[in-house]
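**Student:** This is a predicted model, with the sequence first.
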Amino acid sequence: MTDKVARYLADMQPASPCLVLDVDRVAENYRRLQAALPLARIYYAVKANPGAPILDRLTGLGSFFDAASWQEVQMCLAAGANPARISYGNTIKKERDIAAAFAAGVRMFAFDSEAELHKLVRSAPGARVYCRVFVENEGAEWPLSKKFGCEAEMAKKLMLLADQLGLDAFGISFHVGSQQTATAPYKAAIAKVGMLFSDLKAAGIKLRMVNLGGGYPVHYKSEVPEIEEIGAAIMGAMAEHFGNALPEIVIEPGRFLVADAGTVVSEVVLVSRKSEGDPVRWVYLDIGRFGGLAETEGEAIRYAFRTPRDGGREGPVTIAGPTCDSVDTLYERSNYRLPEALTEGDRVEILSTGAYVTTYASQRFNGFAPLEEHYI
């Protein structure tokens with residue numbers, strides 16, 4: 001939690017559940033990423049948190065943007081972003097949304113199939129296109145390797161077809177998985193892309209861009225590699241496989257820029273046990289998976305908690321949300337422990353929740369409104 005957020009919580013005591021996010025920290029993270037990967041163009045993954053103050057600040061810093069939908073494109077434009085600095089990075093798009101983005105000035109589009117390619121030919125003629133390829137996601141706490149991308153051999157054929165059909169065969173993209181905790185997957189993916197570049201060059205297509213995707217990790221409960229270490233590994237691999245003829249490098253950070261800028265404030269609704277003498281308490285909060293903490297699915301992302309009872313004796317807990325759905329259980333197997341004195345009405349701060357929370361919140365499941373957002 002930043003000092004600015006801590007002061008705001010102490011002074012304002014906002015009603016829970018809510019997210020309080022320090023936009024200055026977003027700017028700090030952006031500059032740190034620039035320093036770690038100075039040759040890369042930063043395309044902020046808007047899906048992580050599309051809050052208008054975030055988009056405004058990043059636009060002012062000169063950021064590019066990775067949009068997942070026509071609606072996100074519109075958000076970026078409303079923040080003053082130049083459409084030439086927006087990439088429509090979802091490989092699954094309605095054709096009318098492609099047309100709308102193209103009419104608005106967007107000229108860079110992702111795809112991973114022939115059917116999507118033909119949509120682009122029809123509705124974004126001459127656009128710069130890049131094909132997403134499968135890469136290993138081992139080490140990622142939130143893998144992204146099944147739904148998106150295609151095999152390298154298919155990508156080669158698709159890029160040749162893109163060129164034949166009048167599109168600008170611009171580059172190749174990949175994603176090593178969100179919250180990637182290892183550097184080896186980046187190295188392996190860059191090696192694969194380097195081979196694709198060589199194969200396509202031999203076939204008469206000179207690609208000009210490598211999109212490294214996102215996945216840059218943040219500290220939740222476990223240690224992760226520093227962004228400087230990741231940056232060094234990436235640039236070492238780029239030099240190894242591309243030599244001095246480096247293509248344009250694109251990165252799409254989301255979590256890294258906004259996660260540790262935000263804190264969710266919640267309240268304990270109930271503390272109970274399921275039987276006499278049960279050592280495990282159930283702690284129910286006023287926010288759960290349907291309120292925005294969807295990344296607790298499979299207990300993949302393990303948030304850190306801060307309570308007013310910290311420092312006292314702790315015991316094992318299962319942590320759950322407030323809704324009438326048994327799926328709304330956050331942590332049951334991850335060995336969470338919270339103070340034994342924790343009780344109904346206590347405030348609980350959930351740290352590093354600036355990413356993938358507000359956008360996952362349901363629209364009044366069980367009547368619960370989406371959490372309030374405070375950008376400071």
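**Tutor:** Great, that's in hand.
**Student:** quick one: low-confidence parts of the stretch 1-150 of the chain?
**Tutor:** 139-140, 142-145 (pLDDT under 70).
**Student:** One more pass at 90, please.
**Tutor:** Within the stretch 1-150 of the chain, the stretches with pLDDT under 90 are 134-147.
**Student:** Let me see the ranges of the helices in it.
**Tutor:** Ranges of helices within the stretch 1-150 of the chain are 3-12, 23-36, 52-61, 70-78, 95-103, 114-123, based on DSSP state H, counting those that start in this stretch.
**Student:** Rebuild those helices as TSV, extending it with mean neighbour count.
**Tutor:** For glycine as for every other residue, the C-beta is placed from the backbone atoms N, C-alpha and C. What follows is the helices of the stretch 1-150 of the chain, written out as TSV (neighbours: other Cβ atoms under 10 Å):
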stretch	mean neighbour count
helix 3-12	14
helix 23-36	18
helix 52-61	18
helix 70-78	19
helix 95-103	17
helix 114-123	17
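**Student:** Of those, which is nearest A189?
**Tutor:** helix 23-36 (17.7 Å; Cβ to Cβ).
**Student:** just the angle between that closest one and helix 52-61, please?
**Tutor:** 40 degrees (axes from the mean of the first three to the mean of the last three Cα atoms, to 10 degrees).
**Student:** Mind giving me the packing neighbours of helix 23-36?
**Tutor:** Taking 3 or more Cβ pairs under 8 Å, 6 or more residues apart in numbering; DSSP states H and E as contact, the helices and strands that helix 23-36 lies on are strand 40-45, helix 52-61, helix 227-242, helix 255-258.
**Student:** Pick the most buried one from the ones you listed.
**Tutor:** The highest average neighbour count among these, using mean count of other Cβ atoms under 10 Å, belongs to helix 255-258 at a mean of 28.
**Student:** Who are the packing partners of that one?
**Tutor:** Secondary elements touching helix 255-258 (3+ Cβ pairs under 8 Å, 6+ apart): helix 23-36.
**Student:** still on that earlier bit, now render the helices and strands packed on helix 23-36 as a markdown table, adding distance to V327.
**Tutor:** Listed next are the helices and strands packed on helix 23-36 as a markdown table, based on distance: least, Cβ to Cβ, whole Å:
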| stretch | distance to V327 |
| --- | --- |
| strand 40-45 | 26 |
| helix 52-61 | 29 |
| helix 227-242 | 34 |
| helix 255-258 | 23 |
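**Student:** residue with max distance from the center of this structure?
**Tutor:** E276 (42.3 Å; Cα atoms, centre = their mean).
**Student:** which SSE is it in?
**Tutor:** Taking DSSP states H and E as the definition, E276 sits outside all helices and strands.
**Student:** And it, how far from E141?
**Tutor:** Distance, E276 to E141, by Cβ to Cβ, to the nearest Å: 37 Å.
**Student:** How about I86?
**Tutor:** In terms of Cβ to Cβ, I86 sits 28 Å off from E141.
**Student:** Kindly report the same for R255.
**Tutor:** From R255 to E141 the distance is 10 Å (Cβ to Cβ).
**Student:** So for K206, which of the helices of the stretch 1-150 of the chain sits nearest?
**Tutor:** Closest among the helices of the stretch 1-150 of the chain, using Cβ to Cβ: helix 114-123, at 18.8 Å.
**Student:** Show me what that closest one is packed against.
**Tutor:** Using 3+ Cβ pairs under 8 Å, 6+ apart, helix 114-123 is in contact with helix 95-103, strand 108-111, helix 152-164.
**Student:** Spit out the contact partners of R281.
**Tutor:** Applying Cβ atoms under 8 Å, 6 or more residues apart in numbering to R281 gives the contacts V271, S272, R273, G315, P316, V317, T318, L338, E340.
**Student:** repeat for Y130
**Tutor:** With Cβ under 8 Å, 6+ apart, Y130 has these contacts: M108, F109, A110, F111, F170, G171, I172, S173, M209, N211.
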